[in-house]
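Enquirer: I would like to see how this sequence folds:
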Amino acid sequence: MHGRIGNLMIQIWKEKAQLGMTLLVSNCTVRRNIQHKLPNFRR
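Expert: Residues are numbered from 1 along each chain as shown. Below is the predicted model:
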(Lines give C-alpha, C1' and ligand atoms only; values in the text may rest on other atoms or scores of the structure.)
Protein backbone atom coordinates (compact mmCIF):
# COMPACT_ATOMS: atom_id res chain seq x y z
CA MET A 1 0.00 0.00 0.00
CA HIS A 2 2.70 2.44 1.01
CA GLY A 3 4.77 1.56 -2.07
CA ARG A 4 1.82 2.26 -4.39
CA ILE A 5 1.23 5.66 -2.82
CA GLY A 6 4.94 6.43 -3.12
CA ASN A 7 4.94 5.55 -6.82
CA LEU A 8 1.87 7.72 -7.38
CA MET A 9 3.53 10.65 -5.59
CA ILE A 10 6.68 10.22 -7.71
CA GLN A 11 4.62 10.12 -10.90
CA ILE A 12 2.69 13.28 -9.93
CA TRP A 13 5.95 14.99 -8.94
CA LYS A 14 7.54 14.09 -12.29
CA GLU A 15 4.55 15.47 -14.20
CA LYS A 16 4.61 18.69 -12.15
CA ALA A 17 8.36 19.05 -12.64
CA GLN A 18 7.97 18.53 -16.39
CA LEU A 19 5.16 21.10 -16.53
CA GLY A 20 7.21 23.55 -14.47
CA MET A 21 10.23 23.16 -16.75
CA THR A 22 8.04 23.70 -19.82
CA LEU A 23 6.58 26.88 -18.32
CA LEU A 24 10.05 28.08 -17.31
CA VAL A 25 11.47 27.50 -20.80
CA SER A 26 8.50 29.16 -22.55
CA ASN A 27 8.73 32.10 -20.12
CA CYS A 28 12.43 32.59 -20.89
CA THR A 29 11.72 32.31 -24.62
CA VAL A 30 8.99 34.95 -24.42
CA ARG A 31 11.29 37.30 -22.49
CA ARG A 32 14.09 36.76 -25.00
CA ASN A 33 11.69 37.49 -27.88
CA ILE A 34 10.50 40.70 -26.20
CA GLN A 35 14.08 41.84 -25.62
CA HIS A 36 14.95 40.95 -29.21
CA LYS A 37 12.01 42.96 -30.59
CA LEU A 38 12.63 45.92 -28.27
CA PRO A 39 16.38 46.70 -28.12
CA ASN A 40 15.76 49.47 -25.54
CA PHE A 41 13.80 47.09 -23.29
CA ARG A 42 14.76 47.52 -19.62
CA ARG A 43 14.16 44.82 -17.00
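
Enquirer: Run through the protein and note the low-pLDDT ranges.
Expert: 1-2, 40-43 (pLDDT under 70).

Enquirer: what about the helices in it?
Expert: Counting by DSSP state H, the chain has these helices, from start to end: 2-37.

Enquirer: Quick check: the gap between residue 11 and residue 22.
Expert: 17 Å (CB to CB, to the nearest Å). (Each C-beta comes from the backbone N, C-alpha and C, glycine too.)

Enquirer: cool, and residue 35?
Expert: With CB to CB as the criterion, residue 35 and residue 22 are 21 Å apart.

Enquirer: The two: which is more packed in?
Expert: Shown here are residue 35 and residue 22; by other CB atoms under 10 Å, residue 35 has more neighbours (13 against 10).

Enquirer: Okay, the more buried one and residue 18: tell me how far apart.
Expert: Going from residue 35 to residue 18 by CB to CB gives 26 Å.

Enquirer: what do you get for residue 3?
Expert: Residue 3 is 23 Å from residue 18, where distance means CB to CB.

Enquirer: same check, this time on residue 31
Expert: 21 Å.

Enquirer: With residue 33 instead?
Expert: Here the distance between residue 33 and residue 18 works out to 23 Å (CB to CB).
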